[in-house]
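Trainee: Just a sequence and a predicted model for now, questions to come.
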Amino acid sequence: MAEITASMVKELRERTDAPMMECKKALAEAGGDMARAEEILRVKLGNKASKAASRVAAEGIVAIWVSPDAKLAAMVEVNCETDFVAKNDEFIAFANRLAQLVAERNPADVAALSQLELDGKPVEQVRTELVGKIGENITIRRFVRIEAQGKVYSYVHGGAKIGVLVDLVGGDEALGKDLAMHIAACKPKALSADQVPAELIETERRIARQKAIESGKPEAILDKIAEGAVQKYLKEVTLLGQGFVKDDKLSVETLLKQRNARVASFALFVVGEGIEKKQTDFAAEVAAQAAAAVKS
């Protein structure tokens, strides 16, 4: 019997995106023949699983799990290639179960989550089997877990394309739901000004100053203009500084004070945010295929 080396297993896994143990079994069954082992895996997992990992997965859903007492919650973004698959029942069920697993097991990161057990198998194996069955690349992109100081309120919008968790101390359920919807609509980058990354603030200051210079403003007032622009920016990107979505004359900070409440933390996920989506020109693709066919 041919020796199955770690490098052989690695190569087959890269070719097929199949679980490591399945790759080892297939190589053993194929007597070390790489091509035959790939065929075995494609029969078992579906031939569409092969090479799926190289494709961009920028669609998907946000799944949320909140404990009955609203003291513990988790949110996970799971991506796929098309919106069609994002509506697949098995895909949705997988994402929902991951959210519960994150809440209950508290993994350190996505790699740790992938090693946790789901239905007696590692999450990574469940994922790759689903890739084989559905025929699209599926990735677990990120997650967040909140142990609440108060109570966690959640909101999912747009076919699970936007998800929000907010930890509200004080207030009531109506306020919690309103704040979650506000966050989904206004997309704050931070809770308060002191949590906004310094590089973002400096960028705004630099842009404002350069605009003032180009518009001919005197040197003596450039810093004042830049600082004014920064303060305006901070009101726009911080939850506490934003005008409340139901009454923009009232800031969220003032609303919370009126209701004797505070936000301990919040999390906002927008599916595919920051992922460069592949733009396909169908007509050009067909033309290229036709040209290739003529040449052959």
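Mentor: That came in fine, so what should we check first?

Trainee: The residue nearest to the spatial centre of the chain sits in which helix or strand?
Mentor: For the chain, the residue nearest the mean C-alpha position is residue 77 (3.8 Å; CA atoms, centre = their mean). Residue 77 belongs to strand 72-80 when elements are defined using DSSP states H and E.

Trainee: Work out for me the element residue 15 sits within.
Mentor: helix 6-16.

Trainee: ok, now residue 95?
Mentor: helix 89-105.

Trainee: follow-up on the earlier one: the strand holding residue 77 packs against which elements?
Mentor: Applying 3 or more CB pairs under 8 Å, 6 or more residues apart in numbering; DSSP states H and E, we find strand 72-80 packed against strand 59-66, helix 89-105, strand 139-147, strand 151-157, strand 162-170, strand 261-270. For every residue, glycine as well, the C-beta is placed using N, CA and C.

Trainee: Could you list the low-pLDDT ranges of the stretch 51-200 of the chain?
Mentor: 51-57 (pLDDT under 70).

Trainee: again, only using 80
Mentor: Scanning the stretch 51-200 of the chain for pLDDT under 80 picks out 51-58.

Trainee: give me every residue that touches residue 155.
Mentor: Contact analysis of residue 155 by CB atoms under 8 Å, 6 or more residues apart in numbering lists 163, 164, 177, 180, 181, 183, 184.

Trainee: Name the nearest residue to residue 205, sequence neighbours excluded.
Mentor: residue 226 (4.8 Å; CB to CB, 6 or more residues apart in numbering).

Trainee: For the helix or strand hosting the one you found, list every residue counted as buried.
Mentor: Using DSSP H and E, the element containing residue 226 is helix 222-237. Within helix 222-237, the residues scored as buried using 16 or more other CB atoms under 10 Å are 225, 226, 229, 230, 233, 234, 237.

Trainee: So residue 101 sits against residue 116, correct?
Mentor: Yes: at 5.8 Å, residue 101 counts as touching residue 116 under the criterion of CB atoms under 8 Å.

Trainee: And those two? Which one has more around it.
Mentor: Per other CB atoms under 10 Å, whichever of residue 101 and residue 116 has more neighbours is residue 101, with 20 against 15.

Trainee: and that one, what is it in contact with?
Mentor: 107, 113, 116, 118, 123.

Trainee: How about residue 36?
Mentor: Per CB under 8 Å, 6+ apart, neighbours of residue 36: residue 30.

Trainee: Residue 217 versus residue 224, what's the distance?
Mentor: Counting by CB to CB, to the nearest Å, the gap from residue 224 to residue 217 is 10 Å.

Trainee: So what's the residue count around residue 263?
Mentor: 23.

Trainee: My error: substitute residue 215 in the last question.
Mentor: 8.

Trainee: Output stretch 264-277 as CSV, nothing but the C-alphas.
Mentor: Extracted in CSV, the C-alpha atoms of stretch 264-277 (Å, rounded to 0.1, in the frame of the first residue of the first chain):
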residue,chain,number,x,y,z
ALA,A,264,-22.7,49.5,27.1
SER,A,265,-21.7,48.3,23.6
PHE,A,266,-23.1,47.5,20.2
ALA,A,267,-22.2,45.5,17.1
LEU,A,268,-23.1,46.0,13.5
PHE,A,269,-22.5,43.6,10.6
VAL,A,270,-23.3,44.4,7.0
VAL,A,271,-22.9,41.4,4.7
GLY,A,272,-20.0,41.6,2.3
GLU,A,273,-18.8,45.0,3.6
GLY,A,274,-15.2,45.5,2.5
ILE,A,275,-15.1,42.4,0.3
GLU,A,276,-14.2,43.2,-3.3
LYS,A,277,-17.0,41.6,-5.4
